[in-house]
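> Okay, here's the prediction I keep looking at, along with the sequence it came from:
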Amino acid sequence: MAEPAANPQITREDVARVARLSRLAVKPGELKAFTNQLRAILGYVNLLDEVDTADVEPMAHAIEVRDVLREDVPTPMLPREAALANAPATDGEFFLVPQILGGSDTPSGK
Amino acid sequence: MSDAPHSADQPSRGSLPDDRDIEAVIGLEVHAQLATRTKLFSGCAADFAPDEPNTRTDPLVLGLPGSLPVLNAAAFRMAVKVGLALNCEIARFCKWDRKQYYYPDLPKGYQISQYDLPVCGEGWLDIDAEEGVKRIGITRAHLEEDAGKNMHAGGVSKVDLNRAGTPLVEIVSEPDMSSAAEAKAYLERLKLLLTYLGVSDCNMQEGSLRCDVNVNFKISTADGAKATPIAEVKNLNSFRGVEAAIEFERTRQLEEFARTGETLNAGNKTTRGWDPDRQVTVPQRTKEEAADYRYFPDPDLVPVTLTEEAIEALRGELGEFPADRRVRIGEVWELSDYDAGVIIERGKPFADYYEEVAQTADDGKRAANWCTQDVLRDLSELNHEIDTFPIPAGTLGHLLKRVSAGELNTKAARDVYADLLSRPRGQNTPETVDAIIDERGLIAVTGGAELEAAIDDALANPKNAVAIETVRDGKQQAVGPLMGQVLKAVSGADPKTVRAMLLERIGGAG
């Protein structure tokens, strides 16, 4: 893990990029406010840098539970009608989405 | 190379480098669907069922709020077995991460995978290369869930989530292969290993085995070695496709290099897809900032640990590897390397079948001849798998045992075989073999008045005088026409016996 920057310099470009990756439509007028808010949040989290973690094992999970597995045994499934019940569009067999262009990950519906 | 045509200074535009100065650099990422009954993180059935779209789902598969994943122990054990068979470091501690991207076939908006602590670390797989055995490095192997399937139909895309959540093991190789043939050999070896382990059916048509190819080319030039930018060709689902895509990339990348001189750097890897109809790779519009999957540990799943005892127990369940079995059956049954290869490469059920035939007949060579010729031919003609083949191994073995004992000649055995082939498998016990032989009177004639008389006739026939003289002079093969006459006269006569009797009666130098 890279050392966190002491003073996170989140830029508007960073916020716009994360929003795009998350398919969130952020209006240009909102960018400044979100950038300031994220800066404040990350600045607060940066307080943790003051803790000496030299002898602390990296944590893989917040709870000390391990090895929760189930046997390979089938359980009930949903009938198709139920699976498709919340679909915005369906032909009774498939979920229908606006056409996905070959090889692109253009968000459906733009 | 100093005598290469482009060696004057720069590679001249429009001219391609000499073949000898070019080396392919190929790494493969193989996704194999694990043969579990249920999905990776829920008890939903994992059979593909392409004809019944969206009937293999549950709240977890659909990514409905409140559903929580629980790891399938069988899938985890299979992944460890894959790692052990590939000589990988097995993690004593591994965890689960979310890989985030948005696509209609991924209902949760993320795929559960393993990022920095995969279940299997570095290992290797030996392949047969042109210059002998070559060791291909394995970078890692990890477990992840599959996505659904998209079909494009006139203005809309149809999404089937039956496959979503099925367990995959992703096996990443080092870029150690240097030709399309080596890439194919690696895939064949890997597929054989996975099927022998029983962890995947590796059915490429159904998408149980898919492959991404990373390929570029190293070119020796007068001013040092250069490398073309890497292309990643995604989602190949046939060995032929892998080979053809690599060959196509060779031409494309070398032409591009001759035109632009562009060499590999950290930012110019491209993603391409394979168009099997046109036999070309096509650029895929690069996923916008695709590398930014924002992995983070999945808080819904806890880490998994493995003890030494658990790993050793799984090692004990691996069974015999195909490469070892090939050597063993070759030695035990005195088979040619070719025959042993044909038997092993046909898959574990066929190798099991062969060994049962060989054991029952107590004649490995005869069993190999029949299995690799007659049985393989009829499997493909009848479109059967060996498990449903009309003649069970014990039955064929019994038939061949009687041939080896000299009770039946090969022609009679073929008649019995053909008869068995036309009957349902359930009827074809070893007793059926005996009944058919008795009914049809196929027991080889190795003596008796009829045979003696036929031999007398052949020896007395003036037309045979020349042949008899030739045999007497030491050319035993001249006895062939006489044998043919006797075998024709006495149905079921044993050719070996007839030959021996004729030679004995003719006597002479032979």
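Nice, thanks for sending it over.
> what stretches of chain B score poorly on pLDDT?
Scanning chain B for pLDDT under 70 picks out B:1-17, B:285-291, B:508-510.
> The stretch 1-150 of chain B against chain A: which residues are in contact?
Contact residues (C-beta under 8 Å from any C-beta of the partner chain) of the stretch 1-150 of chain B with chain A: B:36-38, B:42-45, B:52-59, B:62, B:70-76, B:93, B:95, B:100-104, B:117, B:150. Just so you know, the C-beta spots here come from the backbone N, C-alpha and C atoms, and that holds for glycine as well.
> rerun that using 7 Å as the cut-off
Within the stretch 1-150 of chain B, the positions adjacent to chain A are B:36-38, B:43-45, B:53-58, B:62, B:70-74, B:76, B:95, B:101-104, B:150 by C-beta under 7 Å from any C-beta of the partner chain.
> beta partners of B:Asn214?
With DSSP bridges as the criterion, B:Asn214 is bridged to B:Gly27, B:Glu232.
> I should have written B:Val159 there, sorry.
Note on B:Val159: beta-bridge partners by DSSP bridges are A:Phe95, B:Asn150.
> Relative to B:Asp146, how far out is it?
13 Å (C-beta to C-beta, to the nearest Å).
> and these two? which has more neighbours close in?
Neighbours were counted for B:Val159 and for B:Asp146 using other C-beta atoms under 10 Å in any protein chain shown; B:Val159 has more, 26 against 23.
> how about the more buried one, what does it touch?
Residues in contact with B:Val159, defined by C-beta atoms under 7 Å, 6 or more residues apart in numbering or on different chains, are A:Phe94, A:Phe95, A:Val97, B:Pro104, B:Asp105, B:Gly148, B:Asn150.
> make it 6 Å
Applying C-beta atoms under 6 Å, 6 or more residues apart in numbering or on different chains, we find B:Val159 in contact with A:Phe94, A:Phe95, B:Pro104, B:Asp105, B:Gly148, B:Asn150.
> Pull up the gap between the residue nearest to the fourth one when sequence neighbours are not counted and B:Asp18, please.
Residue nearest to B:Asp105 in three dimensions, not counting chain neighbours: B:Gly148, with 3.7 Å by C-beta to C-beta, 6 or more residues apart in numbering or on different chains. B:Gly148 is 47 Å from B:Asp18, where distance means C-beta to C-beta.
> Among these two, which residue is more densely surrounded?
Taking other C-beta under 10 Å, B:Gly148 and B:Asp18 do not tie; B:Gly148 has more neighbours (24 against 15).
> what residues does the helix ranked longest in chain B touch?
If you go by DSSP state H, chain B has its longest helix at helix B:239-260. With contact meaning C-beta under 6 Å, 6+ apart, helix B:239-260 is reached by B:16, B:180, B:183-184, B:187, B:211, B:213, B:215, B:217, B:228, B:231, B:233, B:236, B:274, B:276, B:279-281.
> out of the residues you listed, which are buried?
Among the contacts of helix B:239-260, those that count as buried by neighbour count (16 or more other C-beta atoms under 10 Å in any protein chain shown) are B:180, B:183-184, B:187, B:211, B:213, B:215, B:217, B:228, B:231, B:233, B:236, B:274, B:280-281.
> which one of those residues is nearest B:Gly480?
B:Lys184 (44.9 Å; C-beta to C-beta).
> contacting residues for that closest one?
B:Lys184 is in contact with B:Phe239, B:Glu243, counting by C-beta under 6 Å, 6+ apart.
> Please name the nearest non-neighbouring residue to the residue minimising distance to the centre of chain B.
In chain B, the residue lying closest to the centroid (C-alpha atoms, centre = their mean) is B:Leu192, at 4.4 Å. Of all residues not flanking B:Leu192 in the chain, B:Pro322 sits nearest, at 4.8 Å (C-beta to C-beta, 6+ apart).
> That neighbour - how many residues pack around it?
21.
> For A:Leu96, list the residues it contacts.
Counting by C-beta under 6 Å, 6+ apart, A:Leu96 makes contact with A:Ala89, A:Thr90, B:Val156.
> Counting only strands, which of those make the cut?
Using DSSP state E, B:Val156 are the members of the contacts of A:Leu96 that sit in strands.
> rewinding a little: the residue nearest to B:Leu192 is in contact with B:Ile343, isn't it?
No - using C-beta atoms under 6 Å, B:Pro322 makes no contact with B:Ile343, being 10.2 Å away.
> helix or strand for B:Arg135, which one?
Here B:Arg135 sits within strand B:132-145, counting by DSSP states H and E.
> buried set for that strand?
Those would be B:Lys134, B:Ile136, B:Ile138, B:Thr139, B:Arg140, B:Ala141, B:His142, B:Leu143, B:Glu144, B:Glu145, for strand B:132-145 by 16+ other C-beta under 10 Å.
> which ones are touching the third one?
With contact set as C-beta under 6 Å, 6+ apart, B:Ile138 has these partners: B:Leu86, B:Cys88, B:Gly123, B:Trp124, B:Ser173.
> Go again with 7 Å.
Contact criterion C-beta under 7 Å, 6+ apart gives B:Leu86, B:Cys88, B:Glu122, B:Gly123, B:Trp124, B:Leu125, B:Ile171, B:Ser173 as the residues in contact with B:Ile138.
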